[in-house]
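K.L.:
need a structure here:
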Amino acid sequence: NRRLNSSVNRPKALYVSLSDFVHKNRLIIPFNDRSGKCIFYQTRTILDSDASKPKYLSKMNSEKSLFNYDNIKTSSDHIFITEGPIDSFFIKNSVAVAGIQQKSKESLTPTQKSQIDKMWLSTKVWVLDSQYNDQTSRMKSEKLLDQGECVFIWPESLGKKFKDVNDVCLHFKINEMTNKFILDNTYCGLAGLVKIKQIR
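P.N.:
Below is the predicted model:
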């Protein structure tokens, strides 16, 4: 129902834990390095009976890496950075950070920054949840723009109706939010700060 198996940028495999004490009956989303080795993972609830449990859990005592890092072309003009892994399923050449650092000026962990730095030929574009529906996303977008980053700012027609990329793809029964659409609504630095201030 979430279109995970047909999405344009899906990972090479997904898993389900059947017996682990912490992650039992949860979808396991692997974070692989360029060689395909799983160095981090997140798990997500999938059963209605687990609704009271945390929706997402991460590998304990491990620093976050980039999701889909093994699935991108580093020579591409643009690399898209989503917050959640599932949104990354639906954007070609995208990675996910699995939550932006809140207390640090840095938006990436040291491991993620090291991975991003290897993609120096590509312009990085942040694709967060709708700034119209999520105040935290709006604040994060403003912070990134203030640092000179490029951010996808949701057009009002979609931003007021949908929470994130996956919601859009589910509603329209599509497997991709195109790079062109994202770039047509991407702003960098000062221009983005002016645009983001107009959102109420």
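
K.L.:
Could you list every helix and strand in contact with the one helix or strand residue 192 maps to?
P.N.:
Assessed by DSSP states H and E, residue 192 sits inside helix 189-197. Under the contact criterion of 3 or more Cβ pairs under 8 Å, 6 or more residues apart in numbering; DSSP states H and E, helix 189-197 touches helix 135-146, strand 150-152. C-beta coordinates here come from the backbone N, C-alpha and C atoms, glycine included.

K.L.:
Look up how far residue 20 lies from the most centrally placed residue in the chain.
P.N.:
In the chain, the centroid-proximal residue (Cα atoms, centre = their mean) is residue 82; its distance is 2.3 Å. For residue 82, the distance to residue 20 equals 26 Å [Cβ to Cβ, to the nearest Å].

K.L.:
okay, the angle between the helix holding residue 192 and helix 135-146?
P.N.:
160 degrees (axes from the mean of the first three to the mean of the last three Cα atoms, to 10 degrees).

K.L.:
mind listing what's buried in helix 189-197?
P.N.:
192, 195-196 (16 or more other Cβ atoms under 10 Å).

K.L.:
need the residues you listed in CSV with pLDDT and distance to residue 124, can you?
P.N.:
Below are the buried residues of helix 189-197 laid out as CSV (pLDDT from 0 to 100; distance: Cβ to Cβ, whole Å):
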residue, pLDDT, distance to residue 124
192, 96, 13
195, 95, 18
196, 95, 17
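
K.L.:
Let me know the closest of those to residue 183.
P.N.:
residue 192 (13.1 Å; Cβ to Cβ).

K.L.:
which residues does the closest residue in space to that closest one that isn't next to it in sequence contact?
P.N.:
Distance criterion Cβ to Cβ, 6 or more residues apart in numbering; nearest residue to residue 192, sequence neighbours excluded, is residue 145 at 4.0 Å. Residue 145 makes contact with 151, 187-190, 192-193, 196, according to Cβ atoms under 8 Å, 6 or more residues apart in numbering.
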